[in-house]
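A.B. asks: Sequence and computational prediction follow.
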Amino acid sequence: MTRSPQPRRWSRFAGYAMMAAAGVGAALVPTPSVQEATGPLVYLWAGFLTVGGLLSAYGAATDRWIGEHIGLPLLWAAFGVYALILASLLAPASVVASLALAAFALLLFGRWRDVVAIRREATREADHQ
């Protein structure tokens, strides 16, 4: 069973789609602080946002856990990197923004743990059939 027992969550789909769009934007117009801190890896983080957002949006739209299971680690890694870079600037506004992004990364990690539990239950149910 690859479908989650939860109803479709269109708000999650929209949020993940916006993350994917942000990734495309970050690749086309890289943030100067991220580009300075990571060099050409700025495109890797943008790719993580794009691919992670697309996979997670697919999972949310189709109620299939596999999309979020693969996409969420990419998203939380990208947001974590952005949070660390903002924190390293040590400007008060950057540190505050860093806390918000880090909190968001932790929320995505928590969602991923929920998806892992769904995956385990789906695997267990498939094994008993």
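C.D. replies: Sure thing, it's come through. Numbering: from 1, shown residues only.

A.B. asks: what stretches of the protein score poorly on pLDDT?
C.D. replies: Filtered on pLDDT under 70, the chain yields the residue ranges 1-8.

A.B. asks: Tell me how far the lengthiest helix in it lies from the chain's centre.
C.D. replies: Identified as the longest helix of the chain according to DSSP state H is helix 92-127. Its chain's C-alpha centre and that of helix 92-127 lie 8 Å apart, by C-alpha atoms, centre = their mean, to the nearest Å.

A.B. asks: list the buried ones in it?
C.D. replies: 97-98, 101-102, 104-105, 108-109, 111-112, 115, 118-119, 122 (16 or more other C-beta atoms under 10 Å). C-beta coordinates here come from the backbone N, C-alpha and C atoms, glycine included.

A.B. asks: need the contact list for the most centrally placed residue in the chain.
C.D. replies: Closest to where the C-alpha atoms of the chain average out (C-alpha atoms, centre = their mean) is Leu75, at 2.2 Å. Applying C-beta atoms under 8 Å, 6 or more residues apart in numbering, we find Leu75 in contact with 16, 19, 48-49, 52-53, 56, 105, 108.

A.B. asks: mind redoing it with 7 Å?
C.D. replies: When the contact criterion is C-beta atoms under 7 Å, 6 or more residues apart in numbering, the partners of Leu75 are 19, 48-49, 52-53, 56, 108.

A.B. asks: Grab the nearest non-local neighbour of Ala26.
C.D. replies: Ala46 (3.8 Å; C-beta to C-beta, 6 or more residues apart in numbering).
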